[in-house]
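Student: Following is a predicted model, sequence given first.
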Amino acid sequence: MITINQLFAICAILFCVSLQIAIIVCETTITTTFIYLEDNVVNFRHYGENCSSDTESQLCDMKETLACINSTCDCANPLSMTFLPAKGICVGKAGHPCVHHISEASVSPTKKIGQCVMFSTCERDDDKGNANSTCACWSSFYPDEVTGLCVRRRDYLQKCERDEQCNNRKGLVCNKDMGICNCDKTVTRYNIDTERCVGLPNTECANIYRECTENHKCKSGICRCKFKEMEAANGTLLCDPVRHKYGKPCGRFRGDCGDEKVNNLRCLDGKCRCKNPDYQIYDHDRRVCVSKVGGPCIIASHSDSADSSFRNGTHNSKFNPDSFPIIKCIPYAECVPLTINTRVFMTPLINGKGVPGVCECGETFLPTKKGICSLPRGADCDTSSKDKKDQCASPLQCVSGRCDCPNEVDVYEDETKKCAKPVQSLCWKDSSCVKNAMCKLRNKHLPGRCKCLSKFKTTSLSTCV
């Protein structure tokens, strides 16, 4: 007996004697299924081609899950399907039902495989059958509401509109005010070494790796100090067992500057200095000498295969920091491997095995004349120590812990990387005003005001469009 659900699913049964083919077309409100009993069909129209449901030679290839819609071959259900050129078939969009195909007549209908967009999996409800299976994006991707594709989640300081667009595996959330992916500053901070948000002291351990800030470890789900806390002069408790060696007098005893394999310090002219002062600066947070932009670094693990993998072009940038003396980069810089021909430059700087590289600023950061990487707008900043001054890219300044325009009313323009004066603001020259505006001076002795050019209108944000 045919059930009600089966009766609703069957739309048409076609039998073509000349082609010796029978095709059962089953369509429901959830998904579309095509079953081929014999595979002798030829000259079917493909995706995007003109078609006609009344002409045998202009039928759409149902093997691609196509239907003739508005005289064009399109996915049978465009709202929940999209055509995937790599596979040559229509597949389920992210968050929508999977599309089930049978490519050969010998395949049993009970062994249908759900097809979805790239970077997603067909998650099936075994209790309800294939009709209730859904295309779910992988954990590192999120479903795009417009295209139905699975898009890679965005990293630190990349633009966003909602939390799901940010890499939650790294603990990132979308800062709505800045429109960028960042850490939740109330409970976490960004760790430049692990490139993840880590838990602050006495808060919940952060991200999927349950990580904490320096000198802390995860105990019963809370970030606790690894050592016995010491009381500072102001009465606060410090979790800080290691003292700075940089700049301290040395020379009387071996090891005055600590373990140089760890901090890259050595005794120069009676004081603990970086081993390569022209290329390195001391990072007070990490307590190690790090290389400036253009300086040396090491990016491979201490193993016999590290050097050979580099020559084969398969080097692994994830290394074990305890394997050999690492030369790290300044904050927000990446270690880019050198070619074989340029390795001579690095030979004296490497103590142990490893793949040499040169420090370069990351994609969203800008190099400065001092050899550091400046922070873009919206990045977390801190001017509490002398080595962190001028960390924001000019003309940005550190405002309430974030790099932003010094004047709250100014408009930051991504294209020109400047803080522009909005419409009606006082000005002296055109370049200080927002895009598509000019500085209209009263006379040469008094400032003018920013006005939109004749072909542009003032917006609610005091810009010109």
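Tutor: Arrived safely.
Student: and Glu164, backbone torsions?
Tutor: In terms of degrees, to the nearest 10, the main-chain angles of Glu164 are phi -60, psi -20.
Student: what about the residue nearest to it when sequence neighbours are not counted, which SS state?
Tutor: Counting by Cβ to Cβ, 6 or more residues apart in numbering, Tyr142 is the residue found nearest to Glu164 once chain neighbours are left out, at 4.6 Å. C-betas here are computed from N, CA, C, even on glycine. With DSSP: H, G, I helix; E, B strand; the rest coil as the basis, Tyr142 sits in strand.
Student: right, and Tyr142 touches Asn167 too?
Tutor: No. The pair formed by Tyr142 and Asn167 falls short of the contact definition of Cβ atoms under 8 Å, at 9.6 Å.
Student: Give me the distance between the residue nearest to Glu164 and Pro406.
Tutor: Taken as Cβ to Cβ, to the nearest Å, the spacing of Tyr142 relative to Pro406 amounts to 35 Å.
Student: Restricting to C-alpha, output stretch 168-178 in PDB.
Tutor: Output in PDB follows, covering the C-alpha atoms of stretch 168-178 (Å, rounded to 0.1, in the frame of the first residue of the first chain):
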ATOM      1  CA  ASN A 168      35.200  30.500  17.500                       C
ATOM      2  CA  ARG A 169      37.800  27.700  17.800                       C
ATOM      3  CA  LYS A 170      40.200  30.500  18.600                       C
ATOM      4  CA  GLY A 171      37.800  32.200  21.000                       C
ATOM      5  CA  LEU A 172      37.100  35.100  18.700                       C
ATOM      6  CA  VAL A 173      33.800  37.000  18.700                       C
ATOM      7  CA  CYS A 174      32.600  39.900  16.500                       C
ATOM      8  CA  ASN A 175      33.100  43.300  18.000                       C
ATOM      9  CA  LYS A 176      30.000  45.000  16.700                       C
ATOM     10  CA  ASP A 177      31.300  48.600  17.400                       C
ATOM     11  CA  MET A 178      34.500  48.100  15.400                       C
END
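Student: how near is Ser120 to Ser140?
Tutor: Distance from Ser120 to Ser140, counting by Cβ to Cβ: 11 Å.
Student: for Pro422, same thing?
Tutor: Relative to Ser140, and taking Cβ to Cβ, Pro422 is found at 39 Å.
Student: Comparing these two, which shows the higher neighbour count?
Tutor: Between Pro422 and Ser140, counted using other Cβ atoms under 10 Å, Pro422 has the larger neighbour count: 19 against 13.
Student: Of Tyr142 and Pro406, give the one with the bigger neighbour count.
Tutor: Tyr142 (23 against 12).
Student: How about the contacts made by the more buried one?
Tutor: Shown here is Tyr142, whose contacts under the criterion Cβ atoms under 8 Å, 6 or more residues apart in numbering are Cys150, Val151, Arg153, Glu164, Gln165.
Student: burial count for the fourth one?
Tutor: Counted by other Cβ under 10 Å, the residues lying close to Glu164 total 14.
Student: which one is Cys98 nearest to, not counting chain neighbours?
Tutor: Among residues not flanking Cys98 along the chain, Gly114 sits closest, at 3.0 Å (Cβ to Cβ, 6+ apart).
Student: Just list the residues touching Arg152, thanks.
Tutor: Contacts of Arg152 were listed using Cβ under 8 Å, 6+ apart, and they are Phe119, Ser140, Phe141.
Student: and which of the residues you listed is nearest Val290?
Tutor: Within the contacts of Arg152, the smallest distance to Val290 is 28.8 Å, found for Ser140 (Cβ to Cβ).
Student: what's around Asn202, how many residues?
Tutor: Counted with other Cβ under 10 Å, residues neighbouring Asn202 total 12.
Student: Shouldn't it be within a helix?
Tutor: No. Under three-state DSSP, Asn202 falls outside any helix and is assigned coil.
Student: Going along the chain, name the strands of the stretch 201-350 of the chain.
Tutor: Using DSSP state E, counting those that start in this stretch, the strands of the stretch 201-350 of the chain run over residues 216-219, 222-225, 230-231, 237-238, 265-268, 271-274, 280-283, 288-291, 296-298, 328-329, 333-337.
Student: same for whichever helix or strand comes after the last one, what does it pack against?
Tutor: On the C-terminal side of strand 333-337, the nearest following helix or strand under DSSP states H and E is strand 356-361. Helices and strands touching strand 356-361, by 3 or more Cβ pairs under 8 Å, 6 or more residues apart in numbering; DSSP states H and E, are strand 296-298, strand 333-337.
Student: Name every strand pairing with the longest one and say which way it goes.
Tutor: Here the strand partners of strand 333-337, with direction, are listed using DSSP bridges: strand 356-361 (antiparallel).
Student: any idea of the mean pLDDT for the partner strand?
Tutor: Along strand 356-361, the predicted confidence averages to a pLDDT of 86.
Student: Mind listing what's buried along that strand?
Tutor: For strand 356-361, the neighbour count (16 or more other Cβ atoms under 10 Å) marks Pro356, Gly357, Val358, Cys359, Glu360, Cys361 as buried.
Student: Export only the CA atoms of that strand, formatted as PDB.
Tutor: Presented in PDB, the C-alpha positions along strand 356-361 are these (Å, rounded to 0.1, in the frame of the first residue of the first chain):
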ATOM      1  CA  PRO A 356      65.500  29.800   8.600                       C
ATOM      2  CA  GLY A 357      63.200  32.600   7.600                       C
ATOM      3  CA  VAL A 358      62.700  36.400   7.700                       C
ATOM      4  CA  CYS A 359      60.200  38.200   9.800                       C
ATOM      5  CA  GLU A 360      57.400  40.000   7.800                       C
ATOM      6  CA  CYS A 361      54.300  41.800   9.100                       C
END
